Every structure is written in C-alpha cells, then in structure tokens.
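Participant: Here you go, sequence then predicted model.
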Amino acid sequence: MARPGIPEETCKRILIAAGAALLLVFALSPFFWMLWVSLTSRPDFLFTKTVEYTLANYTNVLTSPTLHFTDYFRNSLIVASVTAVAVTLIASVAGYAVSRMRFPGRVAIPLFVLAMSMFPPISIVGYLYQWFSSLGLVNTHAALIFPYSALTVSLALWINMSYFAQIPVDLDRAALVDGASRMAVLFKIVFPLALPGIFSAFLLVFIACFNEFLFALMLTIDPFAQTLPVGIALFEGLHGEVPWGNLMAASAMATLPLVALTLIFQKYIVQGLMGGAVKG
Amino acid sequence: MACSVELKNVDKSFFTLRGRVDVMRGISLHIEPRELFVLLGPSGCGKSTLLNMIAGLEKPTAGSITIGDAVVADPGRGVFIDPFRRNVAMVFQSYALYPHMTVRANIAFPLTNLKPRPPAGDIGRKVREAARLLRIEELLDRKPAELSGGQRQRVAIGRAVVREPKVFLMDEPLSNLDAQLRTEMRAQLKELQRRLGITTVYVTHDQMEAMTLGDRIAVLNEGVIQQLGTPAGVYAHPSNVFVARFVGSPPMNLFEGAVKRDENTRVVLRTADGDILLPERLGADLVAQGKERCILGIRPEHIEPVAAGQGNFDSRISVVENVGSEYLASLFLKSGHIVVRAQHEPQPGPAGLRFASDRLHVFDAGARSSVE
Amino acid sequence: MRNKIAQARYERKETRDAYLFLLPLLALVIVFVLFPVLATSLNSLFRDVTYLARKFVGLSNYASLAADFDFQRAARFTCLFTAAAVFFEAVLGLVFALLLNESFRGRGLLRTVVLIPWAIPTIVSAKIWKLIFDYTYGVLNFIVLALGLSSEKINWLGSSISAFWSLVAAEVWKTTPFMVLILLAGLQAIPREVYQQAQIDGARMGRRLWRITLPLVWPVLTIALIFRTIDSLRIFDLVYVLTGGGPGGSTKTLSMLGFEYYSNDSFGRGSAVSVITFLLVFAVTIAYIKLGRFERSLKK
C-alpha cells in the first residue's frame, strides 16, 4: 500500500508506531483508570478538577467487617488452589494415558472431554443447584470445587497432551526397560520433563477458577463461601450510591495478584493458551 | 549370568481402523548365551518391533519368547512379564538419555529401580565402574545437553551395562554418529561385548555393521526372516534375491533371462542386454533341471574386466570411479546398474566381463530364491 | 477355554491400566457435566416449579418460550452481541497480532502488556467499564464533554443501542488478548522464507498480507473464532454486572434469562432455555467447521 515514492520501510515504521500506541492505550487505560479512582477520595475528581489522593479506600476495604473482603479473598484462594491442584493431577495422569498407552478410545475420550467443555455453564448450574441443595452442599467450598474441576479439566488435559507429545517416547521406553514401573515413569520421567506444561495448566485453571462467576453466584449464599467475583459484583446497593473508590480498591486488590501471576509467568500462560487452543 | 533368548513362532499384528496388519509372521530364533546376534533389515522390516517384543515394550500376538529359562511372553497362556521386570538393558538410536538428570543419575537410574534398592554406596561404586569402563568419568556431573554425540552414546551404553542385565538390546545404537566415530564405536562395542560376555541382540539396517559385529545375523524383510547364519555364510550363500541385494556393498549384480543354447550349442542366459555365457557345469545343471528362466547373481569383486569377446558377457563400461584402494566400474544396462570392482583401472568403453565361475549365484526367477 | 481367558487378560492389561488413569477425569466430567446436562434436558420437559408438584408437560416449556417476547429478545441479543463482539475481536486481534509479529524495540513489553486485560477478572473489568460509562463520574462522558462532541452528558447504559455497544466494547477489551495470542502463534508458524520469497517475487506489503499471511493464518483464525463464539454465546457475568440486562431487559442474554428462571424457582423453563443455549452453541460450532473447511486443516 506504499505509494510509489514512499519507501515501504518508512510506511511500515509509521504503521508500527501507530499500532503500538493504540495497543498501549487499549490495554492499559481501563486498568490505570481503575487504579486512579481507587487512589482518590472522590470519584468525581475529573469533573470537579480537584484530586485528593488517599489510601483510605484500601484500608477501608481491608478493615471493614461488613465488606468481608478478606473472607471473599480467602474463599477464592481456597477454591482456586484446591481445584487447580486436583485438576492438574487428574489431567496429568489422564494425559499420560492418552498420549502414551494403547487402548480403545484414546482418540475419542479427549474429544468427548472437549465436547463436554462446550456446554454453557447455564445448562449445568440449574441442576447442580437443585442437586446440591438436596445434599446440603450449597454454600460450601466443595460446591464450587467439584464443578470447577469438571469444567477446567478439559483445558488442562489438552495442554498436557500437547506437552507430553513433545517428550520423546523413547525416554519412557528406556525407563521401562531400565526397570521403572509405569507409575515411576510417570513421576520420575514424564512429569519432570512436562513440568512447564503442567505448570501452565495449573496457572490457567487457577486463574479460571479465581474469575468464575455464575456458579459462585448460584451455589454460594454468604461471605463464608462466596468468592471475590461475587463479592465485587454484589458490592453496591448497601447505601444506594455506589462506593466507587472502595469498589475500585477492592477490584485492584483482586486483580493485582492475577496480573502479577500473568506477568511473571507470562511464558507459561501463553504456551498454555496455545497448547489448549491451537493444538486442541 | 549369560542367558539365551528364544523366540518360537512369534507373530505380531496391529489392529487399525482399516483392519489387521501383520507386521511379523512365524519368527523363530534361538540366540545363544554370550552371542552377539544381529537383526539386519531395511527400515520397516519389523526388526525394531522384534527387539521391542524381547524388551517387553510390545506384545507378541502369538508365539512365545523366553529369556534364560523364564518365559517372558506367551499370549497363548496369558503370560506377559512387564519390561521393568525382565532385567534387560536397551540402547536406543536416540540414546533416550533423561534430559533432566545428570550423567551420574542417568547411569544410576536402572539401579535405583531395583527392589530392594541397593545401598547408595553400592550404586555409586557401580556407576563409577561403568563410567571408568566407558571412559566418561569426567562427565558424570554434566547434563546430557552438554555432551557430544559420541559422549551421549557412551552414557547410554553405561546406563545399559551398569546393572549387569541378562540381555543387551541395541536398536541402531550407532546410526546417529558420524562415519568416523561409528567405525570406532563399533569396534569398542564389540570389544566390550566380548569382555562382559552378555548376550546381545543388535538391530541395524547397515549391512556393514552387521557383517563386522555379528556372530550370527538374521536378515529380515517384511516381517519374515529371510536368512539366518554367520555373516560370512550369508554373504557367500545368500538364500534369495533380497538377501543377495541387501548384504554386500555395492550390492550383488543380477541378470534375469532365459536359459538357452546359442548357435555353438553352449548354454547361455539370454537377457535383455544380450547373451551371458554360463560355465559348462552350471549350464548343464540348469538344463538338466529343466529351468527355463532364472536370475544370475554375481558380486562386483567376482567380475573381471577383460577385452571384448574374452569374457562371459560383452558390454560397455560407462563410468569408472576411483575409490582409493580400488576402482568401481559402472555399466548402465537394461537389467539395471551393474558394478564391477577392479584392482587395476579399467577403461570406459566396450569391454568383456569375465565371471568367476565358482562365485555365480542362481536364483529361481519366480520364487526369487536360491537354486542349489 | 482357560487359554482364551488368559489371552484376553493379557491383551487387556494395558487397556485396564489406561482406563484406571482416565477414571478420575471421566468420573468428574460425567458426574458434574454430562449428568447435569442430561438432567437439565430431561427437566426441560417438566413443569418444575418449587411450590408446585412436578409434572411432565412435553415440549410445552419450549412452546411457551417460542411465543415469549423476552425469550425472542434474549436470543436475538445473544446472537447479535456475539457476532459484533467476535467480529471486532478478530479484526483488532489480527491488527495487534500482525503488529507484535514485526520486530521492533519494545515488542517484548507490548507482548506482556497485551495480556493485562485477559488477566483481569471479568467481574472486575465489568465494574471498570461500568464506571467508564457511568453517567455522573464516567471518564467517557468527561472526554465527550472535553472534546465538545456533545453539549451534555450521555446516559450510555440508558438506551438499548448504546448499552449494546458498551457491552461489545467491554467484551472486546477483555477477550482481544486471547485472539492476539492465538493469531500470533499462527503467524509465527509461517516460515520466514515464504515472505522472503514473496518479497523477491515483487509482492508489496498489502499484497503479502492479503495473499500470504491471511490464507496461511486462516485455519488458526477459524479455531480462535470457534472458541470465542462458544464463549460469547454463553455470556453471563459481564452483562449481569455492566447492564444487569437493562435498560428494560433489552440486553438480557440467554444465560441471564435462564438464570432468572432458576432464581424464580422455575427450573423447567430455565432448563429449556439452557438446552436451547447449548443447541445454539453446537449449531454454530458445526457451521464454523463446515464453513472453515476445518476438516482439511485438522487432517494436516
């Protein structure tokens, strides 16, 4: 699209600069807007042109007993950690079987699991609510851990499969001949080598559970079991006026661990998303 | 400690969506204790499958496999011993070193799997011994990624010898090395095998390796043993056209034609490239047997280039290559590419070829097997 | 006879081990996904209201939904929202992926930055966007006034059309990073030599994009579109927080409608909505696979 006379290289540089600027504004501005509001005393500072910076929003969210921020945070942490550990383990063992053993269904089972992950959560949650009510499971961590595991295990399986496929089968075979049982092969050879992949799966499952909303909204009732997304979603309404400063401070605190995880382990997350999507 | 390996009527089939695929049919072998036995064949002939079945990495569909006096696989009786209980060692073409472990841990790995696990002192001592044997002592704390191809090869062998297995299984262990190193390692491997006296099954597609290494070789093609014998025996008396072409480099020259009498009533083989005069006795035998068509085989070193009209066959040398110690003359005929190996430089152009009459091989044109 | 059994056992050992390894996974998926989905499907044929006796009603839940304005509107909204959101994500995702596939200073930083919207929980991003669109405090109204685009503040979430586009904007912001990552992987899989060859063959930038990059990245784009469409069709959280389905129920999605029925203890109808939602998801997926000639790229 460079016209005659304009060198293609120049044209490209301009496009890159423009794209980079657009990307920065696109990705960061809402994030900074959240941080900005969370650090000010009044959310109308743009219009009143007077800004007063304060940490009061943060201290209030952390200390207010009626906001239950720490309860929500703890619940999210428990549910996401337990699910991520369980799913990682289950999907690793299953991924090993699918990528290394010969049995009827080694192609069909991963596809079945993938198909299961396509069902919209709404088509599951209604029945689970009725079922868990009758079991007395509603408003417990378990009520979230089981369905979260079932919903994320497909992602973890496909990520693991793509990683296991990269480990030469000769290594397993060598270990078997070297006297290692199947379980020993799994834990001494395959898992250590697939650790980056297993870790990717762990991170993605953890993040997915930390963010999930519909199940948490429906299957938990009070701050003893509710997770952060539910807490933040139901934040307003106590005093009529939305306490934007507090809300943004809570949002920032809910977000920062995830953003930190994402930035630190960017490599694993990106590879995990590729493994789960492109190869899946 | 040395064990024999016995295969009886082993079959192997896979079931795919398209149906049953037979990869191995009726394999019977008896490998003696301390023997270095080579399975030779082109890629896809089933030799690795056979090795994997001895290792326990694949299961035979029928037949039985015995190591020493233990039956390790017999589907008919439902016997299958897992690979990790067979006490065999295997060296892979890819070496299959565990990338996350040091050389020391790699070599120690088979020992750490033993039950009961030997004391750490014993393991350390055995690892050092194996390392000394293979001259890799200074590499023990490195990771496989930091080693050269030859060093990795040594580590893989070290891992195999460390626990004094009943049988060594080697799956093209030298194919990933460059030519010079391969020759050196080949000799060392043979020396090591002699010294340790452990029964070894060695798989290769390289006939040179098979000839130099093997006490005996089995030539495999399409899942069937074509010939079994000593390297010299197989080379001198190939039992069929496949073996004749596969063993020996450059391969044996073949001419197919009809057995006829020429105008002088001498017996000739009438080929697309002209008549080949057969030695009197051979000609008489073929006529007596009533053979009409057959394949005549002769190795390049058993042909002598002579003046036209002086040999068994008149033709034309197209190219002469100097390969250092000798010359290879090529003839491009309708029958195919014919190679003559000569000590003195032949000249391109019309020439006669004289066949060493006691080195001719005759194969049945239909069955493609040797006619004796 | 005994031999037959022995042989069968011999063959089945590996199969049995494999199934043992897969058992926890399958149990989880069957008990907590397949079983609830089947139960929901069955339930959609019943009048299942908490305070009334359960009664088989055949397809009458579906019939009454089909005639229901709320349902029609939710179905239409869900489809339009998905189409708009996925379209803009694909365009923006492709632009950013092409950008990040070039080599320039700061590319590493941008590749990291682009992940931030993805890492922010949907509920949080919904709240952020709610504040951006807020009538009184929103930064969008501030910008509009400052630039003189309008003389007075706009109630972005107050009309069904602007609420629609607000939702699309928030969804595109949150999910474009996923698109970028996948397309970037696709772009990186294209061998450099192909571009060098095209350059030598005299293809200029635009032509290289149109004739080489896009066709080669197409299979990956199809996969990304399938994933995003499936996800978008079942959207709940963003809408629940950002507009609450308003104004006047105009931005209610199928998932929200189902949720409302469940919340009102009308499980039969909620189930029927759920079944329709997943049938829609399957239909769209199959359509993509057919249109994208996906079988061919799968075979590769």
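Facilitator: That came through fine.
Participant: residues touching residue A:248, list them.
Facilitator: When contacts are counted by CB atoms under 8 Å, 6 or more residues apart in numbering or on different chains, residue A:248 touches A:34-35, A:37-38, A:43, A:57, C:127-128, C:131. Glycine gets a C-beta too; all of them are placed from N, C-alpha and C.
Participant: Quick one: these as TSV, columns for secondary structure too.
Facilitator: Formatted as TSV, the contacts of residue A:248 follow (DSSP: H, G, I helix; E, B strand; the rest coil):
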residue	secondary structure
A:34	helix
A:35	helix
A:37	helix
A:38	helix
A:43	coil
A:57	helix
C:127	helix
C:128	helix
C:131	helix
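Participant: At the geometric centre of chain B, which residue do we find?
Facilitator: With distances taken as CA atoms, centre = their mean, the residue of chain B nearest its centroid is residue B:40 (2.4 Å).
Participant: Without its sequence neighbours, what residue ends up closest to that one?
Facilitator: Excluding its sequence neighbours, the residue lying closest to residue B:40 (CB to CB, 6 or more residues apart in numbering or on different chains) is residue B:210, at 4.1 Å.
Participant: ok so, going back, just the buried residues from the contacts of residue A:248, in ChimeraX please.
Facilitator: Buried residues within the contacts of residue A:248, by 16 or more other CB atoms under 10 Å in any protein chain shown, are selected in ChimeraX with:
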select /A:34,37,38,43,57 /C:127,128,131
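Participant: Check pLDDT for the contacts of residue A:248 and point me to the minimum.
Facilitator: Among these, residue A:43 carries the lowest pLDDT, at 78.
Participant: Surely that residue is in contact with residue A:37?
Facilitator: Yes - under the criterion of CB atoms under 8 Å, residue A:43 makes contact with residue A:37 at 5.5 Å.
Participant: Now do the shared contacts for the two.
Facilitator: Contact criterion CB under 8 Å, 6+ apart; residues shared by residue A:43 and residue A:37: A:244-245, A:248, C:131.
Participant: mind putting these in JSON lines, distance to residue B:49 included?
Facilitator: Output for these, formatted as JSON lines (distance: CB to CB, whole Å):
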{"residue": "A:244", "distance to residue B:49": "70"}
{"residue": "A:245", "distance to residue B:49": "71"}
{"residue": "A:248", "distance to residue B:49": "65"}
{"residue": "C:131", "distance to residue B:49": "66"}
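Participant: quick one, what contacts the residue nearest to the centre of chain B?
Facilitator: Applying CB under 8 Å, 6+ apart to residue B:40 gives the contacts B:47, B:204-205, B:207, B:210, B:214, B:217-220, B:246-247.
Participant: I'd like the distance between it and residue B:227.
Facilitator: Noted for residue B:40: a distance of 9 Å to residue B:227, by CB to CB, to the nearest Å.
Participant: can you list residues touching both of those two?
Facilitator: Common neighbours of residue B:40 and residue B:227 (CB under 8 Å, 6+ apart) are B:218-219.
Participant: residue ranges with poor pLDDT in the chain?
Facilitator: The chain I'm using is chain A. Within chain A, the segments meeting pLDDT under 70 span A:1-5, A:236-240, A:275-280.
Participant: I was thinking of chain B, sorry if that wasn't clear
Facilitator: B:1, B:372.
Participant: What residue spans form the domains of it?
Facilitator: B:5-246, B:253-364 (automatic domain parsing).
Participant: ok, the residue nearest to the centre of chain B to residue B:267 distance?
Facilitator: As judged by CB to CB, residue B:40 and residue B:267 stand 35 Å apart.
Participant: Near the residue in the stretch 201-350 of chain B that chain C sits nearest to, how many other residues are there?
Facilitator: With CB to the nearest CB, the shortest gap between the stretch 201-350 of chain B and chain C falls at residue B:223, namely 19.9 Å. Neighbours of residue B:223 under the rule other CB atoms under 10 Å in any protein chain shown: 22.
Participant: ok, now the one 10 residues further on?
Facilitator: Here the neighbour count serves as a burial measure; for residue B:233 (other CB under 10 Å) it reads 14.
Participant: now do residue C:162
Facilitator: Per other CB under 10 Å, the neighbour tally for residue C:162 reads 15.
Participant: Could you find the closest non-adjacent residue to it?
Facilitator: residue C:156 (5.0 Å).
Participant: Can you name the residues that contact the one you found?
Facilitator: Counting by CB under 8 Å, 6+ apart, residue C:156 touches C:133, C:135, C:138, C:140-141, C:162-163, C:166.
Participant: Phi and psi next, for residue B:251.
Facilitator: phi -70, psi 170 (degrees, to the nearest 10).
Participant: So is the helix or strand containing residue C:258 next to chain A?
Facilitator: In this structure, residue C:258 sits in helix C:254-263 according to DSSP states H and E. Yes - residues of helix C:254-263 are located near chain A by CB under 8 Å from any CB of the partner chain, namely C:254-255, C:258-259, C:262.
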